[in-house]
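Student: got a sequence here, can you model it:
(chains A and B)
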Amino acid sequence: MRLFNSKTNQVETFIPIEANKVRLYVCGPTVYDEIHIGNARPVIVFDTLRRVFEALGYQVDMVSNYTDVDDRIIKKAIQENVEERVVTDRYIEAYNDVRSRLNTQPLSASPRVTETMDDIIAFIGSLITEGYAYNVNGNVYFRVLKSENYGEISKQRVEDLLMGARVEEEPEKESSLDFALWKKTETGIQWDSPWGKGRPGWHTECVVMIDHHFHGMIDIHGGGMDLKFPHHENELAQAKACLHHDLAKIWMHNGMLNIDGEKMSKSLGNVMNAKEIIDKIGANTVRWLMLSVHYRSPLNISEEIIEQAKSELQKAYSILKQVEIRYELANEIIQPIQDEAFVTQFLEAVSDDLNTPNGMKIIFDVIKVLNQDQRQKDISEEILVKHYGALKMMLNTLGIEIEPIRLTQTQRETFNQWNKAKTEKDFELADHYRKILIEAQLL
RNA sequence: GGUUCCUUAGCCAAGUGGUAAGGCAAUAGACUGCAACUCUGUGACCGUCGGUUCAAGUCCGACAGGAACCUCCA
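Tutor: Down below sits the predicted model:
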């Protein structure tokens, strides 16, 4: 496996910390609302990465958190006059519903910030002890200028950042680059700490959760491109200061998603709710669409590209259906074997920095060959089944789930009647049966 | 304004300096009782202009256009 590392800005050969194992952490959602289609991209990308690793024989320990402490959550809780927990429970459930509908593999753990609070407070305390953080009137800040190589993930220089920094309204900070680790607060959910009542800043949670679950460095830390700065930069700075390691060997970032060439935003009114689009076009099409572009490139969603994804996927559905019905009618079970050559080509493609578009090229190749197999007079059942198995394996690696066709006794008879009518050239009757089969989506 | 990145056929898209994958759409043909599915054929002066090189979509520079981040949005 080769992966692009944002930190080194190049594709690197993946060398696991522990042989045959992958420790993977992906920044999860802030659960203040239902997720939009852009939030679904890292869900799909990193689930696919995990599936590729598993196909290569790795055991993957994958963790993703819920950020359930946030201004927007507090605001919503106040609006609804309920506790924050009511809001976060609701959207965690909605998020998990989307995850499961997108056919993602279960995670090893999904920690919440609210359940990690003791560790977060202890971690901030250690940062103060180490001299990397300071308390001013109950607000604790990270001392960015003390951190070495700050900006190495986002490729920003501290001088440039200082120059570009806005005039801050927080005069208590030593530097405008310093970020909040603990915020004094009077409204909303709050916890007791050595610095008074308050709640944690955003950047500490992931570091603490990673340490809590993995007890050391992880192989891959993932998230959206927009998290490079400041979130991941700040995570790295804290890890170096307190844990004395770089947190992750590889930092991976997926590209952003646009709608009709424009960024999704509430002001433009073009935010696509993930659940709604899954309802509309189906989870398989959503996954296929997302994976038809390399994960680091921006992805532009339009009506045209959705239709394109549907047509492409339809080719796979069509041939799988034909093979399955063939075996159903023969009352035989398709043996679970795969064509090694195709599988190897596919894995080589997707192992190259998760190049799913190249993987799809192999999928189209095997679909074509399967169609040719299917039309041959002297068909080799073994080859047909191997190609079928290879196609299923590839689709499965992309998380495309297609239930095999199972015919009822009535449907079998309809097929037989249809074929009989055709043989007897009773086309009126044949068309009658054909119509039934088309309506049952078997043709 | 600063930083990072992108620009390949009508559309989507891959591309380790050595003759430009694949798909969608379109179109012609084959298959079919007619269709559908499918198969076969048909497309690119790689944003513009310079430079390096025997050789550049691929490296360097300028320009044009676009994106992300610098504002706790994946």
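Student: quick one: contacts for A:Leu395?
Tutor: Residues near A:Leu395 by C-beta atoms under 8 Å, 6 or more residues apart in numbering: A:316, A:363, A:401-402. Every residue, glycine included, has its C-beta placed from N, CA and C.
Student: what helix or strand is it on?
Tutor: helix A:381-397 (DSSP states H and E).
Student: tabulate the CA atom coordinates of that helix in PDB.
Tutor: Extracted C-alpha coordinates of helix A:381-397, given in PDB (Å, rounded to 0.1, in the frame of the first residue of the first chain):
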ATOM      1  CA  GLU A 381     -18.600 -22.400 -16.100                       C
ATOM      2  CA  GLU A 382     -15.400 -22.200 -14.100                       C
ATOM      3  CA  ILE A 383     -14.200 -19.100 -15.900                       C
ATOM      4  CA  LEU A 384     -17.600 -17.500 -15.700                       C
ATOM      5  CA  VAL A 385     -17.800 -18.100 -12.000                       C
ATOM      6  CA  LYS A 386     -14.300 -16.900 -11.400                       C
ATOM      7  CA  HIS A 387     -15.000 -13.700 -13.200                       C
ATOM      8  CA  TYR A 388     -18.300 -13.300 -11.300                       C
ATOM      9  CA  GLY A 389     -16.400 -13.900  -8.000                       C
ATOM     10  CA  ALA A 390     -13.800 -11.300  -8.900                       C
ATOM     11  CA  LEU A 391     -16.400  -8.700  -9.700                       C
ATOM     12  CA  LYS A 392     -18.200  -9.300  -6.500                       C
ATOM     13  CA  MET A 393     -14.900  -9.000  -4.600                       C
ATOM     14  CA  MET A 394     -14.100  -5.700  -6.200                       C
ATOM     15  CA  LEU A 395     -17.500  -4.200  -5.600                       C
ATOM     16  CA  ASN A 396     -17.400  -5.400  -2.100                       C
ATOM     17  CA  THR A 397     -14.000  -3.700  -1.500                       C
END
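Student: would it count as contacting RNA strand B?
Tutor: No - Helix A:381-397 stays clear of RNA strand B (C-beta under 7 Å from any atom of the strand), getting no nearer than 12.0 Å.
Student: chain center to that helix: distance?
Tutor: Averaging C-alpha positions (C-alpha atoms, centre = their mean, to the nearest Å) puts helix A:381-397 25 Å from its chain's average.
Student: tell me the buried residues in that helix?
Tutor: Going by neighbour count (16 or more other C-beta atoms under 10 Å), the buried part of helix A:381-397 is A:384-395, A:397.
Student: report the next helix or strand after that helix in sequence order.
Tutor: Defined by DSSP H and E, the subsequent element after helix A:381-397 is helix A:409-423.
Student: chain center to that next one: distance?
Tutor: 44 Å.
Student: give me the mean pLDDT for the helix or strand following it.
Tutor: Moving toward the C-terminus from helix A:409-423, the next helix or strand (DSSP H and E) is helix A:427-439. For helix A:427-439, the mean pLDDT works out to 92.
Student: RNA strand B contacts on the stretch 301-443 of chain A?
Tutor: So far as C-beta under 7 Å from any atom of the strand goes, the stretch 301-443 of chain A lies against RNA strand B at A:304-305, A:307-308, A:311-312, A:314-315, A:318-319, A:322, A:352-353, A:355, A:357-358, A:360-361, A:364, A:367-368, A:371-372, A:375, A:422, A:425, A:427, A:430-431, A:434, A:443.
Student: give me that answer again for 6 Å
Tutor: Taking C-beta under 6 Å from any atom of the strand as the measure of proximity, the stretch 301-443 of chain A contacts RNA strand B at A:304-305, A:308, A:311-312, A:315, A:318, A:355, A:357-358, A:361, A:364, A:367-368, A:371-372, A:375, A:422, A:427, A:430-431.
Student: out of the contacts of A:Leu395, which end up buried?
Tutor: Buried members of the contacts of A:Leu395, counted by 16+ other C-beta under 10 Å: A:316, A:363, A:402.
Student: which of those sits closest to A:Leu56?
Tutor: For the buried ones among the contacts of A:Leu395, the residue nearest A:Leu56 by C-beta to C-beta is A:Ile363; the value is 17.6 Å.
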